[in-house]
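K.L.:
sequence below, structure please.
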Amino acid sequence: MPALWIAHVTVTDADAYGKYAELAGPAIAKHGGEFIARAGRFVQLEGKERPRNVVAKFPSVEAAVDCYNSPDYQEALNHARGASERELMVVETSE
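P.N.:
Predicted coordinates:
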C-alpha cells in the first residue's frame, strides 16, 4: 500500500535548512518518493502550528522508512538538525 511521509517544520536556520532541502529532494526521489505538497498554503485547525508542511507519497511504508534510514537522507538530515524543529511521520494510505 502507498504511504505518505508528512513533515511539519519550523525552520530556525534558513541557510542550513536550505542545504538539507537541496540534498533531501534527490534522496526522497531515489527511494520512490514524490512530493505532493511542499510549503504550500495551509489552515491549522488543531495542534501546534508549523509554518512549513511537506507531504511526499512513497510506494509503501517500508520504502519511506528505508529512505529515512538511507545514508543519503541521513546526510541531508544532518543539515536540518539544529536548523529546524520538526515532526515527521509515515502513514499508510487506504488506496
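K.L.:
contacts for the helix or strand harbouring V55?
P.N.:
Per DSSP states H and E: V55 is located in strand 52-58. Residues from elsewhere that reach strand 52-58 (CB atoms under 8 Å, 6 or more residues apart in numbering): 2-11, 28, 31-40, 42, 64, 67, 90, 93. Using the backbone N, CA and C atoms, a C-beta is placed for each residue, glycine as well.
K.L.:
okay, now the sheet partners of it, with direction.
P.N.:
Applying DSSP bridges, strand 52-58 is found paired with strand 3-11 (antiparallel), strand 34-38 (antiparallel).
K.L.:
which one, of these, ends up nearest to E75?
P.N.:
Taking CB to CB, strand 3-11 is the member of those nearest to E75, at 17.0 Å.
K.L.:
right, and the helix or strand after the closest one?
P.N.:
Note on strand 3-11: by DSSP H and E, the next helix or strand toward the C-terminus is helix 14-30.
K.L.:
list the buried residues in that next one.
P.N.:
Neighbour-count burial for helix 14-30 flags 16-17, 19-21, 23-24, 27-28 (criterion: 16 or more other CB atoms under 10 Å).
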